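S.K.: Starting from these lines, generate the structure:
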Amino acid sequence: MRTSNITTGIRLRVVLAPGIAIGPGKADLLEGIRDTGSISAAGRRMKMSYKRAWTLVDSMNRWFPDPLVESEKGGAQGGGARLTGRGEAVLAAYRRMEASAAAGAAGDIAELRAALTCQGDMSDGT
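M.R.: From the prediction side, this is the model:
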């Protein structure tokens, strides 16, 4: 999961259509589902409730002609979830865009950082 490790750089949010966007949170959720095999575990990893994680997955599944995540109900075998081929492709495309944006902006970010009067959190929200 990448979002929590960002100290400087770009946080990419891709708006695909009005009201439809994929950013670091949704990408991290998809990655968490891929890594854990569980919507619940992926949500916990992000300190997100199951309801919130499920709502995000459900909305992403509705945006595309086939779902990004398939899930099986719990029971004796415990259920689970996995990314579909479409889900893997969406996650990979987002990560490529994220890397490309970061690489493209690296020089400008370094220039802005060098011009700062401080290097830490000023805690005033500006």
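S.K.: Helices of the protein, residue ranges please.
M.R.: Ranges of helices in the chain, per DSSP state H, are 24-36, 39-45, 50-63, 85-114.
S.K.: Turn the ones you listed into TSV, columns for mean pLDDT and mean neighbour count.
M.R.: Yep, even glycine has a C-beta here, placed from its N, CA and C like the rest. Formatted as TSV, those follow (pLDDT from 0 to 100; neighbours: other C-beta atoms under 10 Å):
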stretch	mean pLDDT	mean neighbour count
helix 24-36	98	20
helix 39-45	96	20
helix 50-63	97	16
helix 85-114	95	13
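S.K.: mind checking which of the ones you listed is nearest P18?
M.R.: Distance to P18, taken as C-beta to C-beta, is lowest for helix 50-63 among the helices of the chain, at 11.9 Å.
S.K.: Of all the helices of the chain, which one comes closest to E72?
M.R.: That would be helix 39-45 among the helices of the chain, by C-beta to C-beta, at 10.7 Å.
S.K.: Report all helices and strands that that closest one contacts.
M.R.: When contacts are defined as 3 or more C-beta pairs under 8 Å, 6 or more residues apart in numbering; DSSP states H and E, helix 39-45 sits against helix 24-36, helix 50-63.
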